[in-house]
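In: Generate a structure from the sequence data that follows.
(chains A, B, C and D)
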Protein chains: 4
Amino acid sequence: MNAPVDPRFAARCRESFARQKAMTLIGARLTAVEPGATEIALPYRDDLTQQKGFVHGGIIGMIADTACGYSAFSLMPADCSLVTVEYKINILSPARGALVAKGDVVKPGRTLTVTRGEVYSEDGKHVASMQQTLMMLAGTPDTIE
Amino acid sequence: MNAPVDPRFAARCRESFARQKAMTLIGARLTAVEPGATEIALPYRDDLTQQKGFVHGGIIGMIADTACGYSAFSLMPADCSLVTVEYKINILSPARGALVAKGDVVKPGRTLTVTRGEVYSEDGKHVASMQQTLMMLAGTPDTIE
Amino acid sequence: MNAPVDPRFAARCRESFARQKAMTLIGARLTAVEPGATEIALPYRDDLTQQKGFVHGGIIGMIADTACGYSAFSLMPADCSLVTVEYKINILSPARGALVAKGDVVKPGRTLTVTRGEVYSEDGKHVASMQQTLMMLAGTPDTIE
Amino acid sequence: MNAPVDPRFAARCRESFARQKAMTLIGARLTAVEPGATEIALPYRDDLTQQKGFVHGGIIGMIADTACGYSAFSLMPADCSLVTVEYKINILSPARGALVAKGDVVKPGRTLTVTRGEVYSEDGKHVASMQQTLMMLAGTPDTIE
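Out: Numbering: from 1, shown residues only, chains lettered A, B, ... in the order given. This next block holds a predicted model:
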């Protein structure tokens, strides 16, 4: 449905993700990159939890935000970078296990792209739903300036 | 303005926050607890960043979500727990420094509470704005079941 | 997928919608009610527009909010009413024509239900995406008190 | 705090608002325009209600969206137009009376502006809170093309 303008889109997403030290910190991995769709896997760890032993809602937001962001980034030209404008997430169920976040582009755009994300637990439970807006910065490297 | 129903509200918030291992992981501290208002400080660390060296938007969401959550929790009775229903965050500026997140109750309620959060960088820049909904679970311990 | 607990769910939704005078004002009609899914049609009218002649974003929000709300209401017991807790909508394209709003339940719940809505124009353009939270009020009539 | 770049900002907002036929339909008036802040008044009318006789949540969203939009528009150059990217609104209380919506700019920007809105009823009750994102279209007339 969504045709990537950059044939290296998957490698470019993986290289960018590898530079996200916050993803390394929490143990998240980018497990799939398709044009306009990505998946991030997060193994369960005790140090990712909130006060009741569930995975912290902010951690759930982190992987959904990132999955959504790379779904948009996969459709972008090679020489641009992307910033999150905003996101909204509903936490649907508490989670105490490994998670997978799936990001999908709803509407790609020259300036703004809208995406959605779903987070599921390993037992198939629907954990969270996100709706997100991103802005493309043309001619801006996706690296540390 | 908001009168706490539990005189131990501040200690209860601090004890709950101390059980949030995800906050320990990222190095966040609960630096202020007033009735209906809290502050969380997050020192800058390289391992909290995204691909361009800025603090990850999901990390910004984590501390705003948590500051907002404890602003609501401070007004709750002693024997309840609280879950995040949803939050929406706008990232206003990229941040490459220490952050502080402030959470404030907009409308306390028996079942639902609405809060807002602001994140600032140490140089005073406005980094993010959140609007959040939480649900009180009456008679439910705020600990691992 | 979603089984209605009230066999009269469709009639109940239509009766409730008919009491929404704001829907009459803008000319919206409830054109489909399935368990957990509804559709609202809005013919184009000049008096629904904003300053540039497009359908007002708030009008788009109104029909999406209502379609989402009735998708949740269709799964509720007969003796309850429902309030919108919050919604978030992205306007994806300006629209200058008839619209249809589709609402779908993402996660039904005893207290809270999460839904999503899409708005399309008659030429098939994707006009808006919504994510919404509703709260069920048990034992509360869905009529003017 | 916010300095308008267009000295005719107030007249420009009023002229634009007057072209919003949807605001005429519901009886809303732009009652105040300051740099980065506006107010819209909505008298109560029976035809603005939902099934329980309260003002329809979508109507509340319409006036908050519009108040927020003009708070951003007041700070824009004369030759631009503005589109709503997205908004999120929490309905805090049911309302059965006249309403006022106040919009305020949180962060003005060259491309994107973030605003917040509050809706109050005539008896002072806090009815709704909004957070909104808008995009400026430079060199684009704010009129029907």
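In: Could you use CA atoms for every contact and neighbour count after this?
Out: Noted.
In: So for A:Ala3, what pLDDT did the model give?
Out: The predicted structure scores A:Ala3 at 81 on the pLDDT scale.
In: That one in helix, strand or coil?
Out: Secondary structure for A:Ala3, judged by DSSP: H, G, I helix; E, B strand; the rest coil, is coil.
In: and the residue nearest to A:Phe17 when sequence neighbours are not counted, what is it in contact with?
Out: In space, A:Phe17 comes closest to B:Gln51 once its chain neighbours are excluded; the distance is 6.7 Å by CA to CA, 6 or more residues apart in numbering or on different chains. Shown here is B:Gln51, whose contacts under the criterion CA atoms under 8 Å, 6 or more residues apart in numbering or on different chains are A:16-21, A:142-144.
In: hmm, try it at 7 Å
Out: B:Gln51 makes contact with A:16-17, A:19-20, A:142-144 under the criterion CA atoms under 7 Å, 6 or more residues apart in numbering or on different chains.
In: Would you point out the most distant pair within those?
Out: Looking at these by CA to CA, the two members farthest from one another are A:Phe17 and A:Ile144, with 13.1 Å of separation.
In: quick one, which of these two is more surrounded?
Out: Comparing A:Phe17 with A:Ile144 by other CA atoms under 10 Å in any protein chain shown, the one with more neighbours is A:Phe17, at 21 against 10.
In: So which bits of chain A are right by chain D?
Out: Contacts of chain A with chain D, taken as CA under 7 Å from any CA of the partner chain, are absent.
In: what about the strands in chain A?
Out: Counting by DSSP state E, the segments of chain A that form strands are A:29-34, A:37-42, A:81-91, A:99-107, A:112-121, A:126-137.
In: Which elements pack onto the fifth one?
Out: Pointing back at strand A:112-121 there. For strand A:112-121, the elements it packs on are helix A:57-73, strand A:99-107, strand A:126-137, judged by 3 or more CA pairs under 7 Å, 6 or more residues apart in numbering or on different chains; DSSP states H and E.
In: Most tightly packed of those?
Out: Each of the helices and strands packed on strand A:112-121 was scored by mean neighbour count; the highest is helix A:57-73, a mean of 29, by mean count of other CA atoms under 10 Å in any protein chain shown.
In: Distance from the chain centre to that one, please.
Out: Here helix A:57-73 is found 3 Å from its chain centre; the criterion is CA atoms, centre = their mean, to the nearest Å.
In: wait, what's in contact with A:Asp6?
Out: A:Asp6 sits next to A:76-78 when contact means CA under 7 Å, 6+ apart.
In: what about 6 Å?
Out: Counting by CA atoms under 6 Å, 6 or more residues apart in numbering or on different chains, A:Asp6 makes contact with A:77-78.
In: do the same with A:Val55
Out: If you count contacts by CA under 6 Å, 6+ apart, A:Val55 has them with A:48-49, A:95-96.
In: And those residues, which is closest to C:Gly69?
Out: A:Ala95 (26.6 Å).
In: export the helices and strands packed on strand A:112-121 to JSON lines and tack on distance to C:Gly61 and mean pLDDT?
Out: Listed next are these as JSON lines, based on distance: least, CA to CA, whole Å; pLDDT from 0 to 100:
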{"stretch": "helix A:57-73", "distance to C:Gly61": "23", "mean pLDDT": "98"}
{"stretch": "strand A:99-107", "distance to C:Gly61": "18", "mean pLDDT": "98"}
{"stretch": "strand A:126-137", "distance to C:Gly61": "15", "mean pLDDT": "97"}
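In: Just give the closest residue to the residue most central in space within chain A, not the sequence neighbours.
Out: Taking CA atoms, centre = their mean, the centroid of chain A lies closest to A:Ala67, which sits 1.5 Å from it. What sits nearest to A:Ala67 in space, not counting adjacent residues and going by CA to CA, 6+ apart, is A:Gly103, at 4.6 Å.
In: Repeat that for A:Ala128.
Out: In space, A:Ala128 is closest to A:Ile91, 4.5 Å off (CA to CA, 6+ apart).
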